[in-house]
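K.L.:
Just a sequence and a predicted model for now, questions to come.
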Amino acid sequence: MFYEPKDGHGLPKNPFNSLVIPRPIGWITSVDGKGNVNLAPYSFFNGVAYNPPTVMFSAGYNRSEGSDGMKDSLRNVLETGEFVHNFTTWNNREAMNETCADVPPDVDELSMAGLTPLPSTIVKPPRVAESPIHFECKVVQTVELPNTTGPDTYTVVFGEVVGVHIADDLIMENGQIDVGKLHPISRMGYQDYSQVTAETVFTMERPGFHPYAK
């Protein structure tokens, strides 16, 4: 099939999210100016630069979280300029899913999901103790994406990673991360997720100078 998104796809559900897969999950903690903590997962998340290390997450329009239509995470990072990304794994998948719920801004999702807050080293938002890896981030830039199809809007938040926490038992003798032990999960389409295990990881060495390169 072929379709132009502006004209619709004719399927029961939009296939786009199922065609950009798998996607890392940004499990974002933030605080507002009054100190209220928010934790929410974002499936539009990724790393975008090495030096300085930079990540992004994209927040869509939300009709249930206040008259401004902003996600709490977006409102908070615009106010404070800080956030933490907490790594999502097989072990914390249920708690991550629980923090998807739409709740008022003054509800602490960490407490709601039975999670343990840990103080960060550089930024104010707490880390999730049940997550083995954390990125402490300071906002570099936000970009409002153009929209011509309706009221929905998306804002992309770019954050410089100013602090990285890695559980010591994930670092192997060769200094690399034990991905099998980490057991990360990723977002697929619809209501589906995927997992990475030691059995599903494979290695391909990148080619060096190609003889046909001029």
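P.N.:
Noted; the coordinates are in hand. Residues are numbered from 1 along each chain as shown.
K.L.:
Look up how far residue 94 lies from residue 48.
P.N.:
Residue 48 is 29 Å from residue 94, where distance means Cβ to Cβ, to the nearest Å. Where you see a C-beta, it was placed from the backbone N, CA and C, and this is true even at glycine.
K.L.:
whoops, residue 153 was the one
P.N.:
30 Å.
K.L.:
Looking at the two now, which is surrounded by more residues?
P.N.:
Comparing residue 153 with residue 94 by neighbour count (other Cβ atoms under 10 Å), the higher total belongs to residue 153, at 14 against 10.
K.L.:
ok now do the more buried one, which residues does it touch?
P.N.:
Listed by Cβ atoms under 8 Å, 6 or more residues apart in numbering, the contact set of residue 153 reads 60-61, 69, 144-145, 147.
K.L.:
buried ones in the lengthiest helix in the chain?
P.N.:
Using DSSP state H, we find that the single longest helix of the chain is helix 72-80. Of all the residues in helix 72-80, those buried under the rule 16 or more other Cβ atoms under 10 Å are 72-78, 80.
K.L.:
Buried ones from the contacts of residue 153, can you make that a PyMOL selection?
P.N.:
Those of the contacts of residue 153 that count as buried under 16+ other Cβ under 10 Å are selected in PyMOL with:
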select buried, resi 61+69
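K.L.:
Now do the helices in the protein.
P.N.:
72-80, 93-98, 109-112, 179-182.
K.L.:
picking that back up, could you export the buried residues of helix 72-80 as TSV, including pLDDT?
P.N.:
Shown next, in TSV, are the buried residues of helix 72-80 (pLDDT from 0 to 100):
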residue	pLDDT
72	92
73	94
74	95
75	94
76	95
77	97
78	96
80	97
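K.L.:
rewinding a little: mind saving the C-alpha coords of the longest helix of the chain as PDB?
P.N.:
Taking Å, rounded to 0.1, in the frame of the first residue of the first chain, the C-alpha atoms of helix 72-80 are listed here in PDB:
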ATOM      1  CA  ASP A  72       3.900  17.600  32.900                       C
ATOM      2  CA  SER A  73       7.400  16.600  31.900                       C
ATOM      3  CA  LEU A  74       7.500  19.300  29.200                       C
ATOM      4  CA  ARG A  75       6.100  22.000  31.500                       C
ATOM      5  CA  ASN A  76       8.600  21.100  34.200                       C
ATOM      6  CA  VAL A  77      11.700  21.100  31.900                       C
ATOM      7  CA  LEU A  78      10.700  24.400  30.400                       C
ATOM      8  CA  GLU A  79      10.400  25.900  33.900                       C
ATOM      9  CA  THR A  80      13.600  24.400  35.400                       C
END
